[in-house]
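In: sequence plus the predicted model coming up.
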Amino acid sequence: MSTTPNRIRRTHRVVDRLHAAVQDDQGSATAEYAVVILAAVAFAGVLVAVMRSGEVQTILTELVRGALAL
């Protein structure tokens with residue numbers, strides 16, 4: 001019977017350590033910046049792909065010519 005209280009205490013210590021580890025948010029800001037940078041790079045890649053398409057280049061060229069004609 002004496003092992004049961006010891007197991008309970010050990011279990012509580014493990015749970016307390018896990019709880020402390022989960023509550024520690026050190027480095028979370030860096031991770032958030034990394035996610036934002038990855039999203040920005042992905043958006044830039046999509047934008048480059050769209051800008052290289054022939055239709056978009058034609059539309060932009062006509063828009064610039066129209067603006068210069070004024």
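Out: Sure, I can see it.

In: nearest residue to residue 57 other than its sequence neighbours?
Out: With Cβ to Cβ, 6 or more residues apart in numbering as the measure, residue 51 is the residue that lies nearest to residue 57, at 7.4 Å, once sequence neighbours are left out. From N, CA and C alone the C-beta is placed, and that goes for glycine too.

In: got a pLDDT number for residue 15?
Out: We note a pLDDT of 85 for residue 15 in this prediction.

In: ok, it to residue 7 distance?
Out: When distances are taken as Cβ to Cβ, to the nearest Å, residue 15 and residue 7 turn out to be 12 Å apart.

In: what values do phi and psi take at residue 52?
Out: Residue 52 adopts backbone torsions of phi -80, psi -10, taken as degrees, to the nearest 10.

In: count the neighbours of it for me.
Out: Here the number of neighbours of residue 52 (other Cβ atoms under 10 Å) works out to 9.

In: kindly report the same for residue 6.
Out: Residues contacting residue 6 under the criterion other Cβ under 10 Å number 9.

In: same question for the one 5 residues further on.
Out: Residues lying near residue 11 (other Cβ under 10 Å) number 10.

In: from residue 58, how far off is it?
Out: Shown here: residue 11 relative to residue 58, a distance of 69 Å by Cβ to Cβ.
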